[in-house]
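K.L.:
got a structure for you, letters missing:
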């Protein structure tokens, strides 16, 4: 099972909710996937390591700046193409054991901008980027 955790904004409790759900899943196999992370390499995964040490934790793309992924990817010159985001996320989801739980947490809300690809262009909402999943 995979559950998508969206929140209206940054710092509204998505990771705290994820921790509670992961703890409730124990002792079943539980996984946490964060495709996009800003504000450091893995602050959310580090939080979960404290409260849900048995859960697998995966962060695919991270930027240091504590801003929206579209701004962080531009400022740090580390773009992520939508196809690359989907490919990496799909690979992690496909690798989940059949009886496991996976929580996929977004960076911000469904309309929060995703990163801008190497070709530049305009940003797309994360709901659109992750929709094909």
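P.N.:
Everything's here; your move. All of these numbers come straight from a predicted model, not from anything done at the bench.

K.L.:
looking at this, residue 79 is in a helix?
P.N.:
No. Secondary structure of residue 79 (DSSP: H, G, I helix; E, B strand; the rest coil): coil, not part of a helix.

K.L.:
My read is that it contacts residue 115, right?
P.N.:
Yes. Assessed by C-beta atoms under 8 Å, residue 79 is found in contact with residue 115 at 6.2 Å. In this view, the C-beta of every residue, glycine as well, is placed from N, C-alpha and C.

K.L.:
When the two are compared, which one has more neighbours?
P.N.:
residue 115 (30 against 17; other C-beta atoms under 10 Å).

K.L.:
So what touches the helix or strand of the chain with the lowest mean pLDDT?
P.N.:
Within the chain, no helix or strand scores below helix 126-130, which has a mean of 83 by mean pLDDT, DSSP states H and E. For helix 126-130, contacts defined as C-beta atoms under 8 Å, 6 or more residues apart in numbering pick out 4, 6, 35-36, 69, 82, 85-86, 89, 104, 106-114.

K.L.:
Now that you've got the residues you listed, can you turn the buried subset into something I can paste into PyMOL?
P.N.:
Here is the PyMOL command that selects only those of these that count as buried (16 or more other C-beta atoms under 10 Å):
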select buried, resi 6+35+36+69+82+85+86+89+104+106+107+108+109+112+113+114
